[in-house]
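>>> just coords:
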């Protein structure tokens with residue numbers, strides 16, 4: 001059995017080298033770039049990854065489908081450029097490959113924010129990432145894409161070791177992500193007919209900050225815990241504000 005690890009990128013020069021290094025145990029490492037204007041492509045190629053450039057953006061689902069056409073392995077694991085596969089997770093992935101089973105495996109995150117692992121905020125949200133290639137028909141969706149499988153009743157399992165997710169390394173990057181995530185979230189909710197507004201934003205963001213900082217005890221993580229909680233709660237506020245005041249210009253065909 002063989003393994004491909006596929007990575008989608010755009011302007012990820014800060015993290016792409018470490019991401020590829022953590023994936024080098026795979027038989028294939030494929031990087032699909034969406035038109036970076038930094039050194040992402042050069043770093044990826046220097047790291048030994050097979051790197052392709054598809055700047056005509058048509059959404060995450062289409063980009064994953066393009067990647068699938070280049071995959072020649074029996075199994076594929078999708079990895080984001082701001083993620084790292086730990087040695088413990090690598091052992092679990094290789095065991096799943098050796099099993100030969102058609103199961104879909106899901107992962108969860110351990111957030112690393114502003115240089116500190118957020119151990120108390122460890123996410124249990126499952127993300128389908130590992131597929132046997134012959135069970136995977138393709139992906140649908142511009143954003144929040146989902147996999148279409150040959151057999152919808154296939155068993156779903158979960159890796160116990162988390163992916164390290166470096167989603168918020170600097171305040172500058174966090175402000176950019178805040179804008180991207182808030183606007184994409186607003187566009188998704190606008191399609192469903194949801195209403196927004198300042199009051200809704202204050203209520204949802206206030207609850208989220210209280211939940212993260214006090215209930216989940218992010219305050220024990222010091223400054224990084226406060227910043228992480230603040231940025232997440234602000235995303236909730238601006239999502240509702242944009243849903244009300246930017247409704248006519250919201251788009252979901254932009255990259256995260």
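Structure received. All values reported here derive from a predicted model rather than from experimental measurement. Numbers count the residues shown, from 1 in each chain.

>>> residue ranges of the helices in the protein, please?
Ranges of helices within the chain are 16-23, 40-46, 60-70, 87-99, 171-191, 198-210, 222-245, based on DSSP state H.

>>> right, and those - which one's nearest residue 159?
helix 87-99 (4.8 Å; C-beta to C-beta). The C-beta positions use only the backbone N, C-alpha and C, and glycine is treated the same way.

>>> ok, and for the closest one, which residues are buried?
Neighbour counts using 16 or more other C-beta atoms under 10 Å place 89-90, 92-93, 96-97 of helix 87-99 among the buried residues.

>>> elements contacting it?
strand 3-9, strand 75-80, strand 104-107 (3 or more C-beta pairs under 8 Å, 6 or more residues apart in numbering; DSSP states H and E).

>>> and stretch 21-40, how far from the chain's centre?
Its chain's average C-alpha position is 15 Å from that of stretch 21-40, according to C-alpha atoms, centre = their mean, to the nearest Å.

>>> Also stretch 119-127?
13 Å.

>>> Straight-line length of stretch 68-86, end to end?
One end of stretch 68-86 sits 24 Å from the other (C-alpha to C-alpha, to the nearest Å).

>>> what mean pLDDT would you report for it?
Per-residue pLDDT over stretch 68-86 has a mean of 95.

>>> Quickly list the domain ranges of this protein.
With domains defined by automatic domain parsing, the chain comprises 3-166, 170-249.

>>> Count the neighbours of residue 148 for me.
12 (other C-beta atoms under 10 Å).

>>> what sits against it?
136-140 (C-beta atoms under 8 Å, 6 or more residues apart in numbering).

>>> For residue 105, see how far away the residue positioned nearest the centre of the chain is.
Taking C-alpha atoms, centre = their mean, the centroid of the chain lies closest to residue 80, which sits 5.4 Å from it. Distance of residue 80 to residue 105, computed by C-beta to C-beta, to the nearest Å: 16 Å.

>>> Quick check: the residue of the chain most remote from its centre vs residue 237, distance?
The outermost residue of the chain, judged against the average C-alpha position, is residue 199 (29.4 Å), by C-alpha atoms, centre = their mean. To residue 237, residue 199 is 11 Å away according to C-beta to C-beta.

>>> Check residue 50 too.
Distance from residue 50 to residue 237, by C-beta to C-beta: 41 Å.

>>> who's more crowded, these two?
Taking neighbours as other C-beta under 10 Å, residue 50 and residue 237 compare with residue 237 leading, 21 against 14.

>>> and that one, what does it touch?
201-202, 204-205.

>>> ok, so of the residues you listed, who is nearest residue 75?
residue 204 (39.0 Å).

>>> From the contacts of residue 237, list the buried ones, please.
Looks like the contacts of residue 237 have 201, 204-205 buried, using 16+ other C-beta under 10 Å.

>>> out of the residues you listed, who's nearest residue 65?
So of these, ranked by how close each gets to residue 65 (C-beta to C-beta), first place is residue 204, at 33.9 Å.

>>> nearest residue to that closest one other than its sequence neighbours?
Closest residue in space to residue 204, ignoring its immediate chain neighbours: residue 236 at 4.5 Å, by C-beta to C-beta, 6 or more residues apart in numbering.

>>> From residue 159, how far out is residue 83?
Taking C-beta to C-beta, one finds residue 83 at 13 Å from residue 159.

>>> What's opposite the residue nearest to the centre of the chain in the beta bridge?
Judged by DSSP bridges, the bridge partners of residue 80 are residue 8.

>>> Hmm, residue 7 and it touching each other?
Yes. Assessed by C-beta atoms under 8 Å, residue 80 is found in contact with residue 7 at 7.1 Å.

>>> Contact partners for residue 27?
Residue 27 neighbours (C-beta under 8 Å, 6+ apart): 2-4, 73.

>>> Listing request: residues of the stretch 101-250 of the chain with sub-threshold pLDDT.
Counting by pLDDT under 70, the stretch 101-250 of the chain contains low-confidence ranges at 124, 141-144.
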